[in-house]
Structure formats: C-alpha cells, structure tokens
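Enquirer: Predicted model follows, preceded by the sequence.
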Amino acid sequence: MLRLGRAACLSRRGFRTYPCAAVEVKNEPILDFKPGSSERDALQKALKELKGKTEEIPCVIGDEHVWTKEIRYQLSPYNHSHKLAKFCYADKDLLNKAINACMAARKEWDLKPIQDRAQIFFKAADMISGPRRAEVLAKTMIGQGKTVIQAEIDAAPELIDFFRFNAKHAIELQDQQPLSIQPSTNTMLYRGLEGFVAAVSPFNFTAIGGNLAGAPALMGNVVLWKPSDTAMSASYVVYKILREAGLPPNIIQFVPAEGPVFGDTVTASEHLAGINFTGSVATFKRLWRQVAENLDQYRNFPRVAGECGGKNFHFVHKSADVRSVVTGTIRSAFEYSGQKCSACSRMYVPDSLWPQIKEQMLDLHKQLKLGDPVEDFNTFLSAVIDDKSFARIKKWLDHAQSSPNLTVVAGGKCDDKVGYFVEPTIIETKDPRDSIMKEEIFGPVLTVYVYPENQYKEVLQMIDSTSPFALTGAVFAQDKNVIAEASKVLRNAAGNFYINDKSTGSVVAQQPFGGTRASGTNDKPGGPHYVLRWTSPQVLKETHVPLTEWRYPYMV
C-alpha cells in the first residue's frame, strides 16, 4: 500500500545530511467478511481460539515482564462471566522505573533517522493488514463488544492508516525547510521532545490506543502507554506487533495502571514532555491542573493534547432527504451502542417531517439485532463496555421514564444478567434544553426535539449554545442557502462538520478528527499536521563564508 516516490528531502543527524524519499500511501480497504470469504474464515478461527480463555498480560518495561500484586481482569461486555485477560497495575515505583528506563533510551532513538523509525510503523501496518489482522479483530470483538464491521473499520483500516499516514507525514515533514540565502544554509531539524510522553488511551477504539502511543514514538519520543482496562487485550497485541516490527525496548513502555496513580506519577516527573489523551473531560481537566501545579519543576513546558467526547447533533431541515436522515441517524446513534466519540445523541427535526422520519426510524429500529457479536454476525449492536457504563446509561433511561418532558418512543430497557445490554433507545423531548440534550451519555440513546419548521434559524442558534461540547455535527438539507447559513452559525459547534452525512465515520487522512470547547484540543490526528505536535524543531544556520569585518557600512 506504499511506494517510494522520486521526491527527495534532507534530514540531519548531527551535521550530516541523509536523503529521504516521499511516500505514497492509500487508505487500507475495508474487508466485507462475506460467508465463505478467506477473511471471515480466518476471523472465526481466531474467535474460536479465544473462546473461554484468559490471556495473561504483564506490565512491560523494556524487555522485562513485570507482575505486581494489583491484579485485575478484563471482562467480555456481552458475557461478563468470561475473563478475557488477567493483568496487573503498575505502582508508582514501577512507573518511575519505566520513566528512567525510557529516558535512558531517548537520545539514541531521537537521533535515529526518521526513515528508519518510519519503516517500523510501515512494517507493523503490513502485519496488521495481513497475518495479524484476524487476531487483532478477534480481541477487539470479544474484549470491547464490537461487531465484525465495527472491529474491522477500527482495529484494521484505521489503525493501519494511522501507522502508514503518520509515517508518510513524518518523512515528508523533513522537506519543510526554511529559506536559504547565500552565503548561509538553513535547516530545520525535527527533534523529539526532551522528555517522555504519557499516552492515556480509551476503550472504544483499538486504533486510538495505537495512535496515541505510536505517533509520538514515531517522531523520536519515548512513551509511557497506559491502555484502558477494558481494551487491554487488543492494546497488548498492538504493542507486541510494534515490538515484533522492530520497535526497540524502552521506547514504548506498556504500563496498565490505576488512573490517579498514573496521573500523579507522570505529572510529578521533571521529565514529563507531553500528554496524549483520549477520555473523559473530568480526567483531562485533572491532568491539566496537575501539570499547571507542577510547572516549576519541569525541564520544559509539557505539550497537552486531549480528545474528550461530544454531544453530537443531527440538524434536519425541511428540504432534507428523509431516507438519508433516517439511515444515517440510525447508524450514527446506535452502531457500537453509541460508544463512539462522534455518535449522534441529539437530533432536531422539523414538525413537517417528523411523522415520516419517526415512522421509518421505528421500522428500522425493529430490525436492529442486539446480542452476541461473536456467535451471530448479524448482530447490529452489542453490550456497552462495563458495569459503570451500564449504570450510568440506566440512570438516563430512568430519567426519560420519569420526566414529564420526555417520552420514550422506542427501546428504553436494559439488562445486565449475562452482559451489559442496553436497548437502542429513541426519546422525544418537549424541552430542547433538558439535561439529556446537553450531557454526554456514551450509550445507544438518541433524543429528538421536534421544532416548528419556520423556526429553523432559532434552532441553529440553540444547537450552538446548548451543550459545552463541539466535536461532530451534521446538517441534512437540499437547500444550498440553508446549508451555507447553517455552516456559518455552527462554525464553532463542531470540529468535524458533515453535510448530508452522518456524524460518525471519519477516515484517516480524509477527515482528520477532533473538536474544541469541552471536546478537546483539536489536534486533528489523522491529518498531516498531527505529527508536528510531537516534535521540537531546531533551526540550524551554517554560514560558508567567514565573517571578517566587525564594522557596518554606515560607520565611517
């Protein structure tokens, strides 16, 4: 999926220059997994091999596998009697050991030519694309409760694309050089940060974990990777693949840990150079405060990058294509049980279209299969990730049942006897500013506000001001003037803005992802500028003619 181009650039190691080539990369194709296909057979074999088994996952510091007394288990969401993985938490001392070990390896890794570092990630991508694809998908399905297609688009193409496009962008970044005018030559050196990067990854995308740890490492940094407890198995296989692809020891330390212990330890280190985070607003704010409180002890100002979810919207105008609205919203709201950062959870529909949209949505809703994604590939959505998530979503369902402003149109039930199952739920609200329209739920719950069609301008203003988040949003309309107006009003309401398309489904290099306000720092992973976030450029000026005169011409 890549080939070397003819374009050349310069990079420097010390004062020596090395040629490097531009790289052409294409998005990894999404496989179909049709009955009888080779990819389906391979996946089913991998799933069968994992059935009922418990993998042991240690902390990994360099080449040392370490077990502590703090033992935890990753449970399969749709069958919580299955302990998919046994792992342990790194304590403060072990985390500090990991920091010291990676700091010892930092300088040599940073001096390694970018072409050599990039080749590791190209190789890892090829491994995931080929022989390791089924394994990564199977562990994502069982561990994170994903259906075949949701595991595929996440743990294969998206992760592969992150590795390949980041490597491409890193190589091509070397060609971004300052102007040189005789008798001097100016060179920009893209160094890693002077310290370590703490990567904190979420459960919902295997690809995000690989990118949060992998992108800084690619750029010459050393990383402490804290994977999510509920994505441990898939995260560990990604780590192992990187090592097998040639990543040296101590460049990425694999350190599961209790959140506060990890946060307290990394932010207390003088060597903290950056935090690469995806998770909750509360946790990100806590880390940011800790960094601020410890500024005086750091050698550098740490880079803090974070993505924190959203309260994503679908706005429907009276000119919208109804079928597109219905199918796009069903997919956006209910795929992966609404556990995508970009999932639609609030919808604004004109009263003139609501009867049609409601009828068609209810018809599709009846066809959605909730269940075990491994035993039945026809499952559309499965259980939510764990007991905490289940309990949080249940409170929202209880709120919907008891509030006079809310009416449950479809779904609304949940059951955690076997797995953490929540029905895909559609709610209608009389109050567009009810808390259910403001706060992130992170579950298969969609709330609809039906507005008078002639008040769409007021509704656009309402969308912009209702929620503190600004991650994704979509406008459905055929009227070009309305699209233009909505784009202006909602300019700051979403970092990823869709017109006549659902709010989910961003593709690496096509729709770099991220939002602002409470949704994060909008660093756009998947785009060409993301790798620059993890470099500390140095400009080198070399003059080729000796300076022989100290006087200026005006001095006589």
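Expert: In hand now; what should we look at?
Enquirer: Tell me which stretches of the stretch 251-400 of the chain form strands.
Expert: Here the stretch 251-400 of the chain has its strands, by DSSP state E, counting those that start in this stretch, at 252-254, 272-278, 303-307, 312-316, 344-350.
Enquirer: Just give the closest residue to residue 176, not the sequence neighbours.
Expert: residue 188 (6.7 Å; Cβ to Cβ, 6 or more residues apart in numbering). C-beta here means a position set from N, CA and C on the backbone, and glycine is covered the same way.
Enquirer: cool, residue 95 as well?
Expert: Nearest one to residue 95, counting by Cβ to Cβ, 6+ apart, is residue 265 at 4.4 Å.
Enquirer: So what's the residue count around that neighbour?
Expert: Around residue 265 there are 23 other residues, counting by other Cβ atoms under 10 Å.
Enquirer: before we move on, back to that, assess the claim that the residue nearest to residue 176 and residue 541 are in contact.
Expert: No - here residue 188 does not reach residue 541: they are 10.7 Å apart, not a contact under Cβ atoms under 8 Å.
Enquirer: Please tell me how far the spatially closest residue to residue 227 that is not a sequence neighbour sits from residue 69.
Expert: Here the nearest residue to residue 227 in space, its sequence neighbours aside, is residue 235; by Cβ to Cβ, 6+ apart that works out to 3.6 Å. Shown here: residue 235 relative to residue 69, a distance of 22 Å by Cβ to Cβ, to the nearest Å.
Enquirer: got a list of what the residue nearest to residue 95 touches?
Expert: Applying Cβ atoms under 8 Å, 6 or more residues apart in numbering, we find residue 265 in contact with 92, 95, 96, 99, 257.
Enquirer: which one of those residues sits closest to residue 218?
Expert: Taking Cβ to Cβ as the measure, residue 99 is the one of the contacts of residue 265 closest to residue 218, at 19.9 Å.
Enquirer: got the buried residues for the host helix or strand of that closest one?
Expert: Following DSSP states H and E, one finds residue 99 within helix 92-111. For helix 92-111, a neighbour-count test (16 or more other Cβ atoms under 10 Å) marks 94, 95, 97, 98, 99, 101, 102, 103, 105, 106, 109, 110 as buried.
Enquirer: Got phi/psi on the residue lying closest to the fifth one once chain neighbours are set aside?
Expert: Okay, so that is residue 99. The spatially closest residue to residue 99, leaving aside those adjacent along the chain, is residue 269, at 5.5 Å (Cβ to Cβ, 6+ apart). As for residue 269, its main-chain torsions (degrees, to the nearest 10) stand at phi -80, psi 140.
Enquirer: now do residue 158
Expert: Backbone torsions for residue 158, taken as degrees, to the nearest 10, come to phi -70, psi -40.
Enquirer: Tell me which helix or strand comes right after the helix holding residue 99.
Expert: Helices and strands here follow DSSP H and E; after helix 92-111, the next one along the chain is helix 114-129.
Enquirer: just how off-centre is that next one within its chain?
Expert: The offset between the C-alpha centroid of helix 114-129 and the centroid of the whole chain comes to 20 Å, using Cα atoms, centre = their mean, to the nearest Å.
Enquirer: and after that helix, which helix or strand comes next?
Expert: helix 133-144.
Enquirer: And for that following helix, what's in contact with it?
Expert: Outside of helix 133-144, the residues that reach it under the criterion Cβ under 8 Å, 6+ apart are 39, 42-43, 45-47, 49-50, 74, 76-77, 82, 84-85, 128, 146-148, 151-152, 154-156, 159, 203-204, 206, 230-234, 237-238, 241, 373-374, 385.
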